[in-house]
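Student: just coords:
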């Protein structure tokens, strides 16, 4: 569950993907009648990577890298970390690092873990 949370938090923090209609229409299921009337959505991670690799999601290289890392965390989709982290800007590298820390069971960002050994 922590890995799935980390993946979703990575997409939320990145801010680009969840507002894209092409991704949402291809790989996100929205439940209108969720329990307690709380809207819910689910990402079909294999579908997301499938449309990305098919070229149906035009995006920057860092957007593709972030989506691939999130899919790997959430669904175990293999990713080459050397290729998917190379060239990430500081903000995206931090988001990815925070997602990894979260997936490892530490629900704190790296910033809040300074001094933790």
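Tutor: Happy to help now that I have it. Note that the coordinates shown come from a computational prediction; the quantities given were computed from them, not determined experimentally.
Student: Please make it C-alpha for all contacts and neighbour counts, starting now.
Tutor: Fine.
Student: Identify the residues contacting the nearest residue to residue 105 once chain neighbours are set aside.
Tutor: Leaving out its chain neighbours, the residue that sits closest to residue 105 by Cα to Cα, 6 or more residues apart in numbering is residue 2, at 6.5 Å. The contact partners of residue 2, by Cα atoms under 8 Å, 6 or more residues apart in numbering, come to 102, 103, 104, 105.
Student: Export those residues to JSON lines and append columns for distance to residue 93.
Tutor: Listed next are the contacts of residue 2 as JSON lines, based on distance: Cα to Cα, whole Å:
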{"residue": "102", "distance to residue 93": "14"}
{"residue": "103", "distance to residue 93": "15"}
{"residue": "104", "distance to residue 93": "17"}
{"residue": "105", "distance to residue 93": "19"}
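Student: Name the member of these with the most neighbours.
Tutor: Highest neighbour count within these: residue 102, with 22 neighbours (other Cα atoms under 10 Å).
Student: And the strands in this protein?
Tutor: Using DSSP state E, the strands of the chain run over 28-31, 40-43.
Student: For the last one, buried residues please.
Tutor: Taking 16 or more other Cα atoms under 10 Å as the basis for neighbour counts, the residues of strand 40-43 that come out buried are residue 43.
Student: Give the pairing partners of that strand; include direction for each.
Tutor: strand 28-31 (antiparallel) (DSSP bridges).
Student: Quick one: residues in contact with the partner strand.
Tutor: Residues outside strand 28-31 that contact it (Cα under 8 Å, 6+ apart): 39, 40, 41, 42, 43, 44.
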